[in-house]
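1. Here's my sequence, what's the structure:
(chains A and B)
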Amino acid sequence: MKRQQITAVAGIAALVIPVANAAAAGKRKITTIRRSVAGPQAVADRWGYVQVTLVVKKTTTTVGTHKKIVRKITGVKVPVYPNHTDRSVFINQQALPYLTQEVLQAQFNPNIDMIGGATATSYAFEESLQAALIAAKKV
Amino acid sequence: MHRVEHIMGMPVVVEVRDGDVPDDVFDWLRRVDETFSTYKDGSEISRLRRGDLALTDASDEVQRVLARCDDLRGETAGYFDVDAVGLDPSGYVKGWAVDEAAAILDRVGAREYAINAGGDIRTRGRWRIGIQHPREPQAVAKIVEGDDLAVATSGAYERGDHVLDPYTGTAPQGILSVTVTGPDLGTADAYATAVFAMGPRRAIDWTSRLRGYEVLTILADGRVLLTPGFPAATP
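-> From the prediction side, this is the model:
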């Protein structure tokens, strides 16, 4: 964080100063601060959300009792990975998991050797495709 | 050769392409049933449930199985819990018994076989396995294809004991069936049971982070979710 103070001497400022504040008139103080703030996690690439850092310059101009503050974003920092290895480490640390999604479909007369699933009881087995497969092999 | 026998209350199909099916396989499964069945009063598990047997006096085999079930409770955030409604490790024992049966076939030299115990399957060699469609008994929802697979399925449509959510004691909603593939059928069996009990939201979170096993989850709303490495047959 940098801090710069510039004190302007009266006469250089080109402001219109109320006569009533003649005592403070002519003194203008400008304070400038640069600060990095963590921004919203709004940047998404295909590895997920990336947190950006904003560089904000805040300028405070004080003339007498009148204060004016101007904030300006002067920079946006995005994490940069100099080589593939570092990015892989980042991905692993994020451990972003995913699943693929499909729609349930039914395949009749499938070309298979065995059935897994609902043959837990003898009754279910007798009714099942597994029994039909075995019967077919006996033919 | 293929043989079918009814053991542990379910049909067990053993198919060996490159040899015979030895009696040893079925003898082993019957021994597992005698030791672990909750339907047999004299089994070690039944005696443990009644308090007639202390865990430290149980056979090494039972102690090892129950120790593995303890680990699985931790691995599944408590959703596979053999103590939830009285001691019942059958959600792991079925798959574990088949893993051991496969080892018997390995020892006699079989290299191309499939064991299907009530819908849980272990293969060696290349096999195409259809996953039962949860709503159409004569159809499959997905075909799994690969070498040396363990495939376990837990489903709402199975008759018999219902899977309960260990936290609520009620039947979970939202998932029609879960199929897990991986190196170990006992573990796959326990994972399938746990994921089914978790309900859709937790299932999505847990399965997407799982490593070493692949999962296919069929939701009641018709969505099918797969982990990226699930061995689905390319059509």
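2. Residue of chain B closest to chain A, please.
-> The nearest approach of chain B to chain A comes at B:Q132, 2.8 Å away (C-beta to the nearest C-beta). Quick note: C-beta positions are derived from backbone N, CA and C, even for glycine.
3. now that residue, which residues is it bridged with?
-> B:V140 (DSSP bridges).
4. My guess is it contacts A:P110. True?
-> No - contact criterion C-beta atoms under 8 Å: B:Q132 and A:P110 do not qualify, at 10.7 Å.
5. Looking at those two, which is more packed in?
-> B:Q132 (29 against 19; other C-beta atoms under 10 Å in any protein chain shown).
6. Give me the pLDDT value at that one.
-> For B:Q132, the model assigns a pLDDT of 91.
7. Distance check, it against B:I104.
-> According to C-beta to C-beta, to the nearest Å, B:Q132 and B:I104 sit 27 Å apart.
8. what's the spacing between B:S46 and B:R64?
-> 18 Å.
9. So the residue lying farthest from the centre of chain B: helix, strand or coil?
-> Most distant residue from the mean C-alpha position of chain B: B:D52, 27.9 Å away (C-alpha atoms, centre = their mean). Under DSSP: H, G, I helix; E, B strand; the rest coil, the three-state class of B:D52 is coil.
10. Now do it against B:P183, distance only.
-> B:D52 is 36 Å from B:P183, by C-beta to C-beta.
11. now swap in B:N116 and tell me
-> 18 Å.
12. between B:S46 and B:R64, which one's more packed in?
-> Shown here are B:S46 and B:R64; by other C-beta under 10 Å, B:S46 has more neighbours (19 against 12).
13. Quick check, the more buried one in contact with B:S37.
-> Yes - counting by C-beta under 8 Å, B:S37 is a contact partner of B:S46 at 7.4 Å.
14. show me where pLDDT drops low in chain B?
-> Along chain B, the model assigns pLDDT under 70 to residues B:157-162, B:235.
15. so where do the helices sit in it?
-> B:23-36, B:44-50, B:60-75, B:90-107, B:185-209 (DSSP state H).
16. so of these, which one's packed in deepest?
-> Per-stretch averages of neighbours, counted by mean count of other C-beta atoms under 10 Å in any protein chain shown, single out helix B:185-209 among the helices of chain B, with a mean of 23.
17. tell me what that one is packed against?
-> If you count contacts as 3 or more C-beta pairs under 8 Å, 6 or more residues apart in numbering or on different chains; DSSP states H and E, helix B:185-209 packs onto helix B:60-75, helix B:90-107, strand B:120-124, strand B:150-155, strand B:175-182, strand B:214-219, strand B:223-226.
18. which residues touch the fourth one?
-> Yep, that's strand B:150-155 we're talking about. When contacts are defined by C-beta atoms under 8 Å, 6 or more residues apart in numbering or on different chains, strand B:150-155 is touched by residues A:116-118, B:91, B:95, B:99, B:119-123, B:129, B:131-132, B:134, B:144, B:163, B:176-185, B:188-189, B:191-193, B:195-196.
19. burial of the nearest residue in space to B:M10 that is not next to it in sequence, as a residue count?
-> Distances taken as C-beta to C-beta, 6 or more residues apart in numbering or on different chains put B:G118 closest to B:M10, at 3.4 Å, once the chain neighbours are dropped. Residues lying near B:G118 (other C-beta under 10 Å) number 27.
20. Quick check: B:G118 touching B:M8?
-> Yes - in terms of C-beta under 8 Å, B:G118 counts as a neighbour of B:M8; the distance is 7.3 Å.
21. between these two, what contacts are shared?
-> With C-beta under 8 Å, 6+ apart as the test, B:G118 and B:M8 both reach B:K94.
22. Nearest residue to the middle of chain B?
-> Mean-position check on chain B, C-alpha atoms, centre = their mean. Result B:D189 at 2.8 Å.
23. Name all residues that make contact with that one.
-> B:91-92, B:94-96, B:120, B:152, B:154, B:180.
24. Return the member of those residues nearest to A:I73.
-> Nearest to A:I73, judged by C-beta to C-beta, of the contacts of B:D189 is B:V180 at 49.9 Å.
25. from what I can see that closest one touches B:A188, true?
-> Yes - counting by C-beta under 8 Å, B:V180 does reach B:A188; the two are 4.2 Å apart.
26. So B:D20 sits against B:V14, correct?
-> No - contact criterion C-beta under 8 Å: B:D20 and B:V14 do not qualify, at 10.1 Å.
27. For these two, indicate the residue with more neighbours.
-> B:V14 (24 against 10).
28. Not counting sequence-adjacent ones, nearest residue to the more buried one?
-> The shortest distance from B:V14 to any non-neighbouring residue, by C-beta to C-beta, 6+ apart, is to B:V21 (4.7 Å).
29. Could you count how many residues lie near the one you found?
-> Neighbours of B:V21 (other C-beta under 10 Å): 21.
30. ok, it - contacts?
-> B:1-3, B:14-15.
31. 6 Å instead, please
-> B:V21 is in contact with B:1, B:3, B:14, counting by C-beta atoms under 6 Å, 6 or more residues apart in numbering or on different chains.
32. now, which of those lie within strands?
-> Under the assignment DSSP state E, those contribute B:3, B:14 to strands.
33. ok, of the contacts of B:V21, which one's closest to B:A203?
-> Closest to B:A203, out of all of those and judged by C-beta to C-beta, is B:V14, at 31.5 Å.
34. my read: the closest one touches B:R3, true?
-> Yes - with contacts counted by C-beta atoms under 6 Å, B:V14 reaches B:R3, the gap being 5.3 Å.
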